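Chemist: Provide a 3D model corresponding to the input given below.
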Amino acid sequence: MIKKKNQNKREGNKVLVKLKNTFWSSKYNLIMLANSILLNIVIWIYIYWEIQPVTAYIPLHYNIYSGVDEVGAWQKIFIIPSLGAAFIVINYVLLYLVLSNKKILTYYLSSASFLIQIAFFIAVYFIVSLFKSGIYG
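Modeler: Numbers count the residues shown, from 1 in each chain. Okay, the predicted model is just below:
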């Protein structure tokens, strides 16, 4: 029983050591993670400050060819930062899983996470601008 506990503890320590020696030692991945999380938080705050609860529908998607092509309740705008947070988690779980094998792939994953946040921020900015202008519907 004691041997089993010690063995489980050693296996758990190996995972922590692997995480510490690989993921946390790459400054680029840490910077991209911090930037991704920070930008996602900025998106949440921006939506919270700019979109007031309304009973009318707000634009949720804009297409340059046909204008607003999706409207919905104001709460649905929070889907965008939620997807951004999910992308952060998924990318960094994948990053951890492939880190021991292919280091260049980890740079792509961490960069993609940040670039997705930038794209979502731009989308939210334009949707909020469209909402505030009142010419969407």
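Chemist: Please enumerate the strands of this protein.
Modeler: Secondary structure of the chain (DSSP state E): strands at 58-63, 67-72.
Chemist: check contacts around residue 43.
Modeler: Residue 43 makes contact with 80-81, 84, 117, 120-121, 124, according to CB atoms under 8 Å, 6 or more residues apart in numbering. Where C-beta positions appear, they are placed from N, C-alpha and C, glycine not excepted.
Chemist: Out of the residues you listed, which comes closest to residue 46?
Modeler: Set against residue 46, the nearest of these by CB to CB is residue 124 (6.4 Å).
Chemist: picking up where we left off before, need the winner for burial among the strands of the chain.
Modeler: The highest mean neighbour count among these, using mean count of other CB atoms under 10 Å, belongs to strand 58-63: a mean of 17.
Chemist: Who does that one pair with, and is each partner parallel or antiparallel?
Modeler: Applying DSSP bridges, strand 58-63 is found paired with strand 67-72 (antiparallel).
Chemist: so how far is the strand it pairs with off the chain centroid?
Modeler: With CA atoms, centre = their mean, to the nearest Å as the basis, strand 67-72 stands 23 Å off its chain's centre.
Chemist: hey, which helix or strand in this structure has the poorest pLDDT?
Modeler: Among the helices and strands of the chain, helix 2-22 carries the lowest confidence by mean pLDDT, DSSP states H and E, at a mean of 56.
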